[in-house]
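Visitor: Predicted model and sequence follow; I will ask about them next.
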Amino acid sequence: MSERPKVVVYDYGSGNVHSAVKALIAAGADAELSNDRTAAMEADGLLVPGVGAFAAVREALAAHRGEEIIGRRLAGGRKVLGICVGMQILFEHGVERGVNVEGLGEWPGTVTELDAPVLPHIGWNTVEPGEGSVLFRGIENERFYFVHSYAAQHWELDVIPPFPGPALTWTTYGSPFLAAVENGPLSATQFHPEKSGDAGIQLLRNWIGSL
């Protein structure tokens, strides 16, 4: 393996993938955009992007066998990072405009519309990193770039000792919602690290350092 960890940005038809590749390279990874099953399985890290509606992302991911690849990586303890809707689909359900769509079910809970006077939530916001966070090490007080109207607003996974609890990072826009989750090999951010300047690059660098 090369000194730079190999990261595949999974190409299943979602947008904003090229900026994610560039950000990963800047953060120290040997990154590539690919929908090749073998490449996605064998990479040190897999990044799952997501832009647009929950249902569309879920359908596109299913068409490219993304659920199977994510599930098999996690079963083997191999790192996966979801971004934006790529985080949302990790939950059991997503409700958009009254339509309930089944997610990947890696975490219990439902993604719902934010309770805020103005939607979408666009722009920079601070976060409250969870205890023991690796992603936010050294950038606890930075701001990150959000573009979304929906989010997971509750955490429903009960962790039984001796298994460690997840690091849950929260943000408030109208009401509190999960900005990031770090749960064993599976991590995700609601915001876009690749659009979050130096802080976003450092977050990706922290993740790459854990591979």
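Guide: In hand now; what should we look at?
Visitor: How far away from the center of its chain is the longest strand anywhere in the chain?
Guide: Ordering each strand of the chain by length in residues (DSSP state E) puts strand 175-183 first. Here the centre of strand 175-183 is set off from its chain's centre by 10 Å, with C-alpha atoms, centre = their mean, to the nearest Å.
Visitor: In it, which residues are buried?
Guide: By neighbour count on 16 or more other C-beta atoms under 10 Å, the buried set for strand 175-183 is 177, 178, 179, 180, 181, 182, 183. Backbone N, C-alpha and C define where each C-beta goes, glycine included.
Visitor: how about JSON lines for those, with pLDDT added?
Guide: Below are the buried residues of strand 175-183 laid out as JSON lines (pLDDT from 0 to 100):
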{"residue": "177", "pLDDT": "98"}
{"residue": "178", "pLDDT": "98"}
{"residue": "179", "pLDDT": "98"}
{"residue": "180", "pLDDT": "98"}
{"residue": "181", "pLDDT": "98"}
{"residue": "182", "pLDDT": "98"}
{"residue": "183", "pLDDT": "96"}
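Visitor: Which of these sits closest to residue 166?
Guide: For those, the residue nearest residue 166 by C-beta to C-beta is residue 183; the value is 3.8 Å.
Visitor: Tell me how far that closest one lies from residue 21.
Guide: 25 Å (C-beta to C-beta, to the nearest Å).
Visitor: do you know how far residue 63 is from residue 196?
Guide: Distance of residue 63 to residue 196, given as C-beta to C-beta: 29 Å.
Visitor: go on, residue 17?
Guide: Going from residue 17 to residue 196 by C-beta to C-beta gives 16 Å.
Visitor: Next: residue 80.
Guide: As judged by C-beta to C-beta, residue 80 and residue 196 stand 20 Å apart.
Visitor: do the same with residue 37
Guide: Between residue 37 and residue 196 the computed distance is 30 Å (C-beta to C-beta).
Visitor: now do residue 133
Guide: Using C-beta to C-beta, residue 133 is found at 15 Å from residue 196.
Visitor: repeat for residue 116
Guide: According to C-beta to C-beta, residue 116 stands 20 Å off from residue 196.
Visitor: Looking at the two now, which is surrounded by more residues?
Guide: Here residue 116 and residue 196 are compared on neighbour count by other C-beta atoms under 10 Å; more neighbours surround residue 196, at 22 against 14.
Visitor: Mind checking the pLDDT average for the top helix by length along the chain?
Guide: Counting by DSSP state H, the longest helix found in the chain is helix 197-209. Per-residue pLDDT over helix 197-209 has a mean of 98.
Visitor: what's the angle between that helix and strand 175-183?
Guide: Relative orientation of helix 197-209 and strand 175-183, computed by axes from the mean of the first three to the mean of the last three C-alpha atoms, to 10 degrees: 30 degrees.
Visitor: can you list contacts of helix 197-209?
Guide: Outside helix 197-209, the residues that touch it by C-beta atoms under 8 Å, 6 or more residues apart in numbering are 5, 7, 23-24, 26-29, 45, 79, 81, 134-139, 142-145, 187, 189, 191-194, 196.
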